[in-house]
Each structure stands twice: as structure tokens, then as C-alpha cells.
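**Q** coords below, sequence missing:
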């Protein structure tokens, strides 16, 4: 389930790393008349799994035999191939393209036989208004349910035996519900995460640095690790109804066959994520809650990570989230948190996208103080990771920061060209004209601050 957390990329649109006054309402609402065509990604370059097989085998067991609630699953379940998938409801215009690319990757990278069909299907993806969906499941940005094929059927069978993952012995049909009134990137992200969970692992783990099966939402499309997990889930050596112990006994040989590069010693297992950390993050970044309560929850997550002595993804994520939530009140403390997050991520192989997310607010911080050279260095370092991760929202913000820096430097023509490129990615990453206008106006404010420094 993709939780309705505040998007970490979107949190910087109207707030810089210093107390920045919001753009005037008239500016935020004014339509942009020179919007370029929507920019989209056409090729994927997922990073190959980098960690030892023994470590990833432990991840596989925790992903497959637990739910996000912590409940243990008695047996492994999967679909019999070929797996069919159908669309229903008011389908957004970018879905056909994004679903086609995803299905191609599932065939080529995960080795899953998956086919589009009309009508009855193993996986039905239904699109409906966010308000309708969240009236019944308020915390979900999108979600997957077993034993049903439509929203109407789900409403009638919610909380029944048929929609209980723990009672399944095999997967026959599931439904995925996605809002049709959100940004194209959010729709695509839901397609990736929910179809992956419909096919395979049902759990999320905060300690994973290289996966969409992580509620930190740093990764928005399926990674090389995720595709390996799905390929193993459908390995011929495994089958429906196998217990954790039976699967564990077969995993070493399967990993060795499918990922020979990972055959090297693994370190000690990371400590499990306590429920207190998950609850603190959910409160800090949830869709509701007072600002003071959110900041306190984020600080609690940082404290839990430090008390646990964690040297992994979770510490960086907690610091990053804390920095986002305090950046409008305490610029110095926010910058310290972002630097701490970046340092934590830099110690973990394969965390380019996490470091890129930390570089963005640091670049905005430098730009707001007129340090254009430092801001440009940060955004340029982050852009390759944003492109590899296919994160249009992040890429738009990085480009817009670059454009703002050139405007401050007096290079108006170069700044204008980069701004148009940024707006093209913003159309995919943010969607609505209002959000794009707010996004554009926020950096105008930062530009004015930078010019006021006299640097």
C-alpha cells in the first residue's frame, strides 16, 4: 500500500531552508501561459542489486511472510502464470504508456508472463476520484486488495475473509485502486508499487535502501532489487503454499543461480524497525495533524534512530524528514539535519537518489543566500540520480533551482530555457496547473531573496 504521506519532493515547493514568505495568492493562482509539452521518461536504467545474496534473502523472507501491520503470513502465495491485467474506471491519459513500460520491464527483468486483457482479469486496476477512495480508506494514496475485482465489490466485502491476505493459499484475483485526479507521476508510482505487491511481496521495510518496498517513498519506480525479488517470487523452485522454512531452505540456490554477482559474505542482520519508529514517521508525514505534532514526531524518529545506533537508510530518512518539517522555522537546524542525512546516505552504497533528495534543499538554502556557485554544484550533482530514478518532480525542482541561479547571475536567456525544461517535467511530476504555478512562484521568491543578499 502506498501511504498518503506528504510527498518529500513536494514539501519544498513553498518553503525554502530559510523562513521564506509565501508567494502572494494572486501569483500562486496565476496561470502560466508558456507551458511547454509534458516531458516523460522513455527508457529505464535500473541499478543492479548491489548487496550480498544472503542479506537480500533475509529481506525476501521478511517481505514475503509479513504484512505491513507486522502480521505473519503462514504460507507464500502467488499467481499462476500467465498473469492478466485489466484497467477500469476513468483511466488517466498517461496510464497506457506507463503501464506498457512497466509490463515490459516485468517480462524482461522479472521474467513474469503478464498480459493485458479486457474484462475479467487476475489484476484489475480501477481508477476513481481520490475523495471516493479515501472516504473508505483515508490513509491510503492507493492500495491493493485480494479477492475482489472492483470498487463496488470491495465495498461489499471489506474486512471479509476474502479480502484477508493471511487466509490465502494462492492468488486468483486482486484489485488495485488508484486516484484518477492526481499527478501523472503519482499515478505511475502507484502502478509500480501496487502491481508489484499484487504480484509478490506484501510488506514494506524502512531499512531497505534500494527498493519501492519502503514507506520512505524515495524510490518511485521498481528498482533492480525489486525486480530480483519478483523474479525469485516466481522461481520454479517455489510454489503456492510453501512455508517460510521451506522457502528459506531453497533461497540460497535460487539467489546463486539468479544473481551470481551477489555470492559474497553478508554482514550481520540490521536490527528490525520498531513500531514506534514507523508510528512516528506516519505521524510526522501523514496527511493530517498539527505542525507542532508533526515536528515532534519527526524528532522522535530521529531520536529512535540515534538511540538504536542505526547506520543505515532509516537514520538518513529520519533526519531528512525532520529537516523538511523544521526548515521554515529554524534554517540552521534544518541545514544541519540535511547535512546529517546526506552523510548517512553517503555511507550506504547505492543511495544516489536519497543523496539527491538531500542535495535539493541544501541547494535551495545556498541559493536563498546568493551562493549561486554552491547551489549550481549541488543541483548538477543530483540531476543524474533524479533521471535514473525517473523522478520528474525532483528533476523539475532541480532544474528550476538551476534556472533561478542563472537568473540571479544575470544569464536570463539560459535561465529561461532551463525554466521551460523544468516546467515540462513539472507537468508530469506535479500535474495540475495550480501546483505548477505554485511551484514556479516559489522560486521567484527565492530569487528575490538571493538578489537581496548582494552576493
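**A** Noted; the coordinates are in hand. The structure displayed is predicted, hence computed values, not measured ones. Residues are numbered from 1 along each chain as shown.
**Q** so where do the strands sit in the chain?
**A** Counting by DSSP state E, the segments of the chain that form strands are 2-3, 83-89, 114-116, 123-128, 140-146, 174-179.
**Q** where does the stretch 1-150 of the chain have low pLDDT?
**A** Of all residues in the stretch 1-150 of the chain, those with pLDDT under 70 make up the ranges 1-31, 33.
**Q** which one of the strands of the chain has the most crowded surroundings?
**A** Sort the strands of the chain by mean neighbour count, taking mean count of other Cβ atoms under 10 Å, and strand 174-179 sits at the top with a mean of 25. Backbone N, C-alpha and C define where each C-beta goes, glycine included.
**Q** so where do the helices sit in the stretch 351-455 of the chain?
**A** Listed in chain order, the helices found in the stretch 351-455 of the chain under DSSP state H, counting those that start in this stretch are 352-368, 372-388, 392-408, 412-429, 433-453.
**Q** would you turn these into JSON lines with mean neighbour count?
**A** What follows is these, written out as JSON lines (neighbours: other Cβ atoms under 10 Å):
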{"stretch": "helix 352-368", "mean neighbour count": "25"}
{"stretch": "helix 372-388", "mean neighbour count": "19"}
{"stretch": "helix 392-408", "mean neighbour count": "26"}
{"stretch": "helix 412-429", "mean neighbour count": "20"}
{"stretch": "helix 433-453", "mean neighbour count": "19"}
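**Q** Switch those over to TSV; also include mean pLDDT and distance to residue 102.
**A** Below are the helices of the stretch 351-455 of the chain laid out as TSV (pLDDT from 0 to 100; distance: least, Cβ to Cβ, whole Å):
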stretch	mean pLDDT	distance to residue 102
helix 352-368	95	18
helix 372-388	96	17
helix 392-408	95	16
helix 412-429	95	15
helix 433-453	79	24
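**Q** re the thing from before, how about the strands of the chain, which one is nearest residue 264?
**A** Comparison of the strands of the chain against residue 264 by Cβ to Cβ identifies strand 114-116 as nearest, at 31.9 Å.
**Q** Export the helices of the stretch 351-455 of the chain as TSV, with columns for distance to residue 256.
**A** What follows is the helices of the stretch 351-455 of the chain, written out as TSV (distance: least, Cβ to Cβ, whole Å):
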stretch	distance to residue 256
helix 352-368	27
helix 372-388	28
helix 392-408	36
helix 412-429	40
helix 433-453	47
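**Q** among the ones you listed, which is nearest residue 215?
**A** Smallest distance to residue 215 across the helices of the stretch 351-455 of the chain (Cβ to Cβ): 14.0 Å, for helix 352-368.
**Q** Tell me which other helices or strands the closest one touches.
**A** With contacts defined as 3 or more Cβ pairs under 8 Å, 6 or more residues apart in numbering; DSSP states H and E, helix 352-368 has these neighbours: helix 313-326, helix 331-346, helix 372-388, helix 392-408, helix 433-453.
**Q** wait, what's in contact with the closest residue to residue 41 other than its chain neighbours?
**A** Nearest non-adjacent residue to residue 41, counting by Cβ to Cβ, 6 or more residues apart in numbering: residue 390, 4.5 Å away. Neighbour list for residue 390: 41, 44, 220, 221 [criterion: Cβ atoms under 8 Å, 6 or more residues apart in numbering].
**Q** Of the residues you listed, grab the buried ones for ChimeraX.
**A** Provided next is the ChimeraX selection string for whichever of these are buried by 16 or more other Cβ atoms under 10 Å:
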select :41,220,221
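**Q** out of the contacts of residue 390, who's nearest residue 348?
**A** In terms of Cβ to Cβ, no member of those lies closer to residue 348 than residue 220, at 18.5 Å.
**Q** Tell me, how many residues neighbour the closest residue to that closest one other than its chain neighbours?
**A** When the adjacent residues along the chain are set aside, residue 220 lies closest to residue 189, with 4.4 Å between them (Cβ to Cβ, 6+ apart). Number of residues near residue 189 (other Cβ atoms under 10 Å) recorded here: 26.
**Q** where's the residue nearest to residue 41 relative to residue 274, distance?
**A** Separation of residue 390 from residue 274 (Cβ to Cβ, to the nearest Å): 32 Å.
**Q** Could you do residue 236 as well?
**A** 37 Å.
**Q** The two: which has the busier surroundings?
**A** Neighbours per residue, other Cβ under 10 Å: of residue 236 and residue 274, the larger number sits with residue 274, 11 against 6.
**Q** Wait, residue 369 touches residue 451, no?
**A** No: under the criterion of Cβ atoms under 8 Å, residue 369 is not in contact with residue 451, lying 11.2 Å apart.
**Q** Name the residues contacting each of the two.
**A** In contact with both residue 369 and residue 451: no residue, using Cβ under 8 Å, 6+ apart.
**Q** how many neighbours does residue 287 have?
**A** Here the number of neighbours of residue 287 (other Cβ under 10 Å) works out to 12.
**Q** And residue 269, by the same measure?
**A** The criterion is other Cβ under 10 Å. On that basis, residue 269 has 12 neighbouring residues.
**Q** list the contacts for it?
**A** 55, 58.
**Q** got the domain boundaries for the chain?
**A** As assigned by automatic domain parsing, the chain contains the domains 2-41+272-453, 53-262.
**Q** Kindly provide the distance from the residue lying closest to residue 154 once chain neighbours are set aside to residue 421.
**A** Leaving aside its chain neighbours, residue 154 sits nearest to residue 148 (4.6 Å; criterion: Cβ to Cβ, 6+ apart). Counting by Cβ to Cβ, the separation of residue 148 from residue 421 is 42 Å.
**Q** residue contacts, the closest residue to residue 72 other than its chain neighbours?
**A** Taking Cβ to Cβ, 6+ apart as the measure, residue 72 lies nearest to residue 66, with 5.9 Å between them; neighbours along the chain are not counted. Counting by Cβ under 8 Å, 6+ apart, residue 66 touches 72, 73, 202, 203.
**Q** same question, residue 238
**A** Contacts of residue 238 were listed using Cβ under 8 Å, 6+ apart, and they are 76, 78, 232, 247, 250, 254.
**Q** ok, which stretches of the stretch 201-350 of the chain are helices?
**A** So, for the stretch 201-350 of the chain - with DSSP H, counting those that start in this stretch - the helices run 224-233, 244-258, 275-285, 291-307, 313-326, 331-346.
**Q** Return the most buried member of the ones you listed.
**A** Comparing the helices of the stretch 201-350 of the chain on average neighbours per residue, with mean count of other Cβ under 10 Å, the densest one is helix 313-326 at a mean of 26.
**Q** Does residue 389 touch residue 220 like I think?
**A** Yes: if you go by Cβ under 8 Å, residue 389 and residue 220 touch, sitting 6.6 Å apart.
**Q** Which pLDDT does the model give the spatially most central residue of the chain?
**A** When the chain is reduced to its mean C-alpha position, the closest residue under Cα atoms, centre = their mean turns out to be residue 217, at 2.7 Å. Looking at residue 217, its pLDDT reads 90.
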